[in-house]
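[1] Structure of the sequence below:
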Amino acid sequence: MNHSFAAAAGGVISTANDLATWIKSMVGGRVLNAEYQRRWLDSLKPEDPSKPEGQKYGYGISQVSWGPNTIYFHGGETPRLQLENQLRPGQRHDAHRVD
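    Next up, the predicted model:
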């Protein structure tokens with residue numbers, strides 16, 4: 001199925017390696033200048049205000065932290081397809097299809 005019908009949700013065709021390069025560059029500060037990188041990371045706010053240490057969402061990025069661990073991720077879906085792009089800084093990248 002060609003997902004380009006979904007405008008921005010399906011407008012990019014890439015590989016798992018492309019997604020890894022993108023999220024590592026974004027989280028690693030190699031895409032935005034320092035001022036906008038700070039704004040981007042500061043945009044993360046708790047999705048549930050009653051759980052300030054829970055999952056956070058900001059300008060196109062989600063974050064979950066527990067103990068010394070942090071995962072940054074962004075997902076998307078169209079009919080018959082759901083993807084998630086995750087980065088654990090200093091550890092590994094996961095891009096996977098969720099069925």
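
[2] So in this structure, which helix runs the longest?
    As assigned by DSSP state H, the longest helix anywhere in the chain is helix 16-27.

[3] what about it, distance to the chain center?
    9 Å (CA atoms, centre = their mean, to the nearest Å).

[4] Counting neighbours, show which residues of that helix come out buried.
    Leu19, Ala20, Trp22, Ile23, Met26, Val27 (16 or more other CB atoms under 10 Å). All C-beta atoms are positioned from the backbone trio N, CA, C, and that covers glycine.

[5] Using a markdown table, lay out the residues you listed together with pLDDT.
    As requested, the buried residues of helix 16-27 are exported to a markdown table (pLDDT from 0 to 100):
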| residue | pLDDT |
| --- | --- |
| Leu19 | 78 |
| Ala20 | 81 |
| Trp22 | 85 |
| Ile23 | 85 |
| Met26 | 90 |
| Val27 | 89 |
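
[6] so where's this protein shaky on pLDDT?
    1, 3-4, 7-13, 76-77, 80-84, 87, 91-99 (pLDDT under 70).

[7] Would you mind finding the longest strand in it?
    strand 69-78 (DSSP state E).

[8] Would you mind confirming that Ser62 is in contact with His74?
    Yes. In this structure, Ser62 is within contact of His74 by CB atoms under 8 Å, at 6.5 Å.

[9] before we move on, the earlier item: nearest to Phe5 among the buried residues of helix 16-27?
    Nearest to Phe5 among the buried residues of helix 16-27: Leu19, at 20.6 Å, using CB to CB.

[10] Distance check, that closest one against Pro68.
    25 Å (CB to CB, to the nearest Å).

[11] Ser65: how many residues sit nearby?
    Ser65 is flanked by 14 other residues according to other CB atoms under 10 Å.

[12] what helices or strands is the helix or strand where it lies leaning on?
    Assessed by DSSP states H and E, Ser65 sits inside strand 61-66. The contact analysis (3 or more CB pairs under 8 Å, 6 or more residues apart in numbering; DSSP states H and E) places strand 61-66 against strand 56-58, strand 69-78.
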